[in-house]
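Enquirer: below: sequence and its predicted model.
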Amino acid sequence: MASQEILREEPSRGSFINDPKVRGIFFQAVVVIVLVALVWWFVQNTIDNLTRLRIASGFGFLKSRAGFDISDSAIAYSSDSTYGRAIVVGFINTLIVAGAGIITATLIGFILGVGRLSHNWLIRKICMVYVEVFRNIPPLLVIFFWYSGVLSVLPPPRESINLPFSSFLNQRGFYFPRAVWGEGSWLILVALLLGIAMAWFVARKARQRQMATGQQFPVFWTSAALIIGLPLLAYALSGFPLSFDYPKQSTFNLTGGFQVKPEFLSLYLALSFYTAAFIAEIVRAGIMGVSKGQTEAAGALGLRPGSILRLVVIPQAMRIVIPPLTSQYLNLTKNSSLAIAIGYPDLTATTGTVLNQTGQAIECVLIMMVVYLALSLLTSVVMNVVNARMALVER
Amino acid sequence: MKHIAIGILGAAALGLVASAASAATLDDVKAKGFIQCGVSTGLAGFSAPDDKGDWQGIDADFCRAVAAAVFGDGTKVKFTPLSAKERFTALQSGEIDVLSRNTTWTINRDTALGLNFVGVTYYDGQGFMINAKKLPGVNSALQLSGAAVCVQSGTTTELNLADYFKTNKMEYSPVVFEQLSEVDAAYDAGRCDVYTTDQSGLYGIRLTLGSPADHVVLPEIISKEPLGPAVRQGDDQWYHIVKWTYFALLQAEELGITKANVEEMKTSDNPEIKRVLGQEADTKIGTDLGVSNDWVVNIVKAVGNYGEMFERNVGSGSPLKIARGINALWTKGGLQYAPPIR
């Protein structure tokens, strides 16, 4: 008993003030208390000042009628909708432009990244010039370049450029026929889903067969036939229910059809092209990070260059690529708030308008910060899951 | 981006400023030696920098008048250009002392934003402008169904526009920008068919376009836009100083006191003129307000009377050539009326 007690007290050596464990807890507690007090003081002071200045506060305004219109809206919105709905419209617009931008930026970025390592001198240099140009220009300028430099010099609506398939391009945007789905068109969707499911099943079977017997199966052509053929068959069977609403010239603009506004186009193109330059560098770094021995070994096994890239290099490169890619996706999403400079109604723009119409700055800025934070965290979570799947599985 | 920065700054200021510090704006202004005045980012006739970088216009001159009342010197003003979105936060957070930025007086702004409007320095109404060359045959706003309309975000204009098209069962597609200069550029480039803002603004903007003669302002006025300066709530003395500066400008015009004759008017026999100019024996009008007794003299010396201010900036003496109309004095059939200074 006695000897054990002596042993336990030995590390403290003296009064308990010098005990590192006690000290640690003490200082952590102090920091937490100070932090809480600071936040409480800040919040309390804000509330006091708002009351003193007779400025309305609280989130009740979200339920009032907005009274202003928004040019681009994916959900039903009119000036009779609420401020809350206006903010949601802006949020969805941010999601649309960020989502579309991420997909396009990734595609362009991968092509450029691989292109920078091409054996062809011209391709290599073109990709290099692209990356160096776009990487070194502020994104806002790239947006202005597309908006003022490219899209606003297009002809006015009356002199629209005619494109194939009854599409038009003018300074008000890009117009193309809108599909109008008639009765029975659900059958086409079912056929499409069925086609995809069957294609996936065929691919799985073909892979198993190749693993077992080494025989290959034309997966690509079969899948294409299934995914395209089945819906076409359904389309014919249900009596051709699809018609088109074509854009037509009216007093001021083209009406009918589907309009992609220049604000969206320039923001989307600018974000895609700008971020693609960074993604290209990440992809290049990832590929170069795979040791040359891997390529040589694959070559020695008799794989062709395309297969080496697809089966050996890229899967290993992905492990290096994904974490920095996540940062680029987050950057793109946050850069989409530059939309305000060209009047695309994203979250920042619509919430900013709500802020000014209601005057409730603190609440509106808070909403914006929380939404962007949530969006970024969500992107991170998704990418972390992808990363965990791609990570080296040790057997 | 900038309005967010101001929003956060405003939030931070509201959070950090100790409660007692802001009561007496007059003392703060005297201590720093100048008035911080919020103006627009550039609207001809109201507040726009000239080629030397000096702010010109009715709104800018009004701030000079307040400075003249407080300091006896109309130059003791610093101007802060603000977008429509930034203006209220800048005033609420104490970044500016007076907001004089073609701002429409509404009940919501008076009651929910913690502001006090002091009066109406310009009675305006919202109008539409189109390019008559590109759109021949359009001569009424009721023909605008289907048009793309350029408008500045966060303004009463944006709300009136939505109401007007809804009331008349017309369609439109809004093209919205935060800065007036961006709206100008978009309209000039043909991104939209119609430009809408206060009618006075349309005349000013038309002058800056590529070929002003091509553009016509349509006859319809779709709203009341009483534009005036505003101050923060909770400081009655400062509110009174700014409010009576405005009334003094009107009173000076009514009594025929001008920049040129103000010195000789001081010796006038007219008791009303003597009283207004602080020449009455033992007068306390100025000191009760919190300024010197010759405050009206200082105001008129700095910017002239209201009529002079109007003609110089937006009227016959300016490129805008706007008629006095309802902005004439009440004695001449207009709406400008000041309570007596006595």
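Expert: Yep, that arrived.
Enquirer: CA atoms for contacts and neighbours, from now on please.
Expert: Fine.
Enquirer: and the helix or strand hosting A:Gly352, is it in reach of chain B?
Expert: Here A:Gly352 sits within helix A:347-358, counting by DSSP states H and E. Yes - residues of helix A:347-358 are located near chain B by CA under 8 Å from any CA of the partner chain, namely A:Gly352, A:Thr353, A:Val354, A:Leu355, A:Asn356, A:Gln357, A:Thr358.
Enquirer: tilt between the helix or strand just after that helix and helix A:347-358?
Expert: Once the chain leaves helix A:347-358, the next helix or strand it forms, by DSSP H and E, is helix A:361-390. For helix A:361-390 against helix A:347-358, the angle by axes from the mean of the first three to the mean of the last three CA atoms, to 10 degrees is 160 degrees.
Enquirer: tell me where the stretch 101-250 of chain B has strands.
Expert: In the stretch 101-250 of chain B, strands defined by DSSP state E, counting those that start in this stretch lie at B:115-117, B:122-124, B:126-131, B:147-152, B:172-177, B:194-198, B:215-217, B:225-227, B:230-232, listed in chain order.
Enquirer: using CSV, lay out those together with distance to B:Phe34.
Expert: Output for the strands of the stretch 101-250 of chain B, formatted as CSV (distance: least, CA to CA, whole Å):
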stretch, distance to B:Phe34
strand B:115-117, 21
strand B:122-124, 25
strand B:126-131, 34
strand B:147-152, 31
strand B:172-177, 33
strand B:194-198, 30
strand B:215-217, 39
strand B:225-227, 24
strand B:230-232, 16
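Enquirer: give me the most central residue, chain B.
Expert: The structure's chain B has its C-alpha centroid closest to B:Asn102; by CA atoms, centre = their mean the separation is 3.5 Å.
Enquirer: mind listing what that one touches?
Expert: B:Ser40, B:Phe46, B:Asp59, B:Leu227, B:Gly228, B:Pro229 (CA atoms under 8 Å, 6 or more residues apart in numbering or on different chains).
Enquirer: domain parsing for the chain?
Expert: Since no chain was named, I'll use chain A. Annotated domains of chain A cover A:83-136+A:260-390, A:178-245 [automatic domain parsing].
Enquirer: you looked at the wrong chain, it should be chain B
Expert: B:2-123+B:227-332, B:126-223.
Enquirer: avg pLDDT for the helix or strand harbouring A:Leu95?
Expert: Take DSSP H and E as the rule and A:Leu95 turns out to sit in helix A:83-115. On average, the pLDDT along helix A:83-115 is 94.
Enquirer: quick one: that helix to chain centroid distance?
Expert: Between the centre of helix A:83-115 and the centre of its host chain there is 4 Å, according to CA atoms, centre = their mean, to the nearest Å.
Enquirer: how about stretch A:203-216?
Expert: Computed by CA atoms, centre = their mean, the chain-centroid distance of stretch A:203-216 equals 35 Å.
Enquirer: phi first, then psi, for B:Ala90.
Expert: phi -60, psi -40 (degrees, to the nearest 10).
Enquirer: quick one: contacts for the spatially most central residue of chain A?
Expert: Nearest to the mean C-alpha position of chain A, by CA atoms, centre = their mean, lies A:Gly99 at 3.5 Å. If you count contacts by CA under 8 Å, 6+ apart, A:Gly99 has none.
Enquirer: spell out which parts of the stretch 151-300 of chain B neighbour chain A.
Expert: Within the stretch 151-300 of chain B, the positions near chain A by CA under 8 Å from any CA are B:153-156, B:158-159, B:161-163, B:173-178, B:182, B:189-193, B:232-234.
Enquirer: what about the residue lying closest to A:Lys63 once chain neighbours are set aside, distance to B:Arg64?
Expert: Counting by CA to CA, 6 or more residues apart in numbering or on different chains, A:Lys63 lies nearest to A:Thr82, which is 5.4 Å off, once chain neighbours are set aside. According to CA to CA, to the nearest Å, A:Thr82 and B:Arg64 sit 41 Å apart.
Enquirer: out of the two, which sits in the busier spot?
Expert: Comparing A:Thr82 with B:Arg64 by neighbour count (other CA atoms under 10 Å in any protein chain shown), the higher total belongs to B:Arg64, at 24 against 19.
Enquirer: my guess is that one contacts B:Gly74. True?
Expert: Yes - with contact defined as CA atoms under 8 Å, B:Arg64 reaches B:Gly74; the gap is 4.5 Å.
Enquirer: report the set of residues contacting both of the two.
Expert: Contacts common to B:Arg64 and B:Gly74, judged by CA under 8 Å, 6+ apart, are B:Ile299, B:Ala302, B:Val303.
Enquirer: and of the residues you listed, the nearest to B:Leu202?
Expert: B:Val303 (24.9 Å; CA to CA).
Enquirer: next, count neighbours for that closest one.
Expert: 22.
Enquirer: which residues are in contact with it?
Expert: Contacts of B:Val303 (CA under 8 Å, 6+ apart): B:Asp61, B:Arg64, B:Ala65, B:Gly74, B:Lys259, B:Met309.
Enquirer: now stretch B:212-230: buried residues?
Expert: For stretch B:212-230, burial by neighbour count (16 or more other CA atoms under 10 Å in any protein chain shown) applies to B:His215, B:Val216, B:Val217, B:Leu218, B:Ile222, B:Ser223, B:Glu225, B:Pro226, B:Leu227, B:Gly228, B:Pro229, B:Ala230.
Enquirer: could you pull up phi and psi at B:Val118?
Expert: Main-chain torsions, B:Val118, degrees, to the nearest 10: phi -100, psi -20.
Enquirer: please read off the pLDDT at the residue lying closest to it once chain neighbours are set aside from the model.
Expert: Nearest residue to B:Val118, sequence neighbours excluded (CA to CA, 6+ apart): B:Lys243, at 4.8 Å. Reported pLDDT at B:Lys243 in the predicted model: 96.
Enquirer: B:Lys243 and B:Val39, how far apart?
Expert: From B:Lys243 over to B:Val39 the distance is 17 Å, taken as CA to CA.
Enquirer: the more surrounded of those two?
Expert: Between B:Lys243 and B:Val39, counted using other CA under 10 Å, B:Val39 has the larger neighbour count: 31 against 20.
Enquirer: ok, so what distance separates that one from chain A?
Expert: Between B:Val39 and chain A the computed distance is 16 Å (CA to the nearest CA, to the nearest Å).
Enquirer: quick one, what contacts that residue?
Expert: Applying CA under 8 Å, 6+ apart, we find B:Val39 in contact with B:Ser47, B:Asp59, B:Ala60, B:Phe79, B:Thr80, B:Pro81, B:Leu82, B:Leu99, B:Ser100, B:Arg101.
Enquirer: show the backbone phi and psi for the fifth one.
Expert: Main-chain dihedrals, B:Thr80, degrees, to the nearest 10: phi -120, psi 110.
Enquirer: how about residue 284, nearest residue that isn't a chain neighbour?
Expert: All of this is about chain A. Nearest residue to A:Arg284, sequence neighbours excluded (CA to CA, 6+ apart): A:Gly113, at 4.8 Å.
Enquirer: oops, chain B please
Expert: B:Asn293 (6.9 Å).
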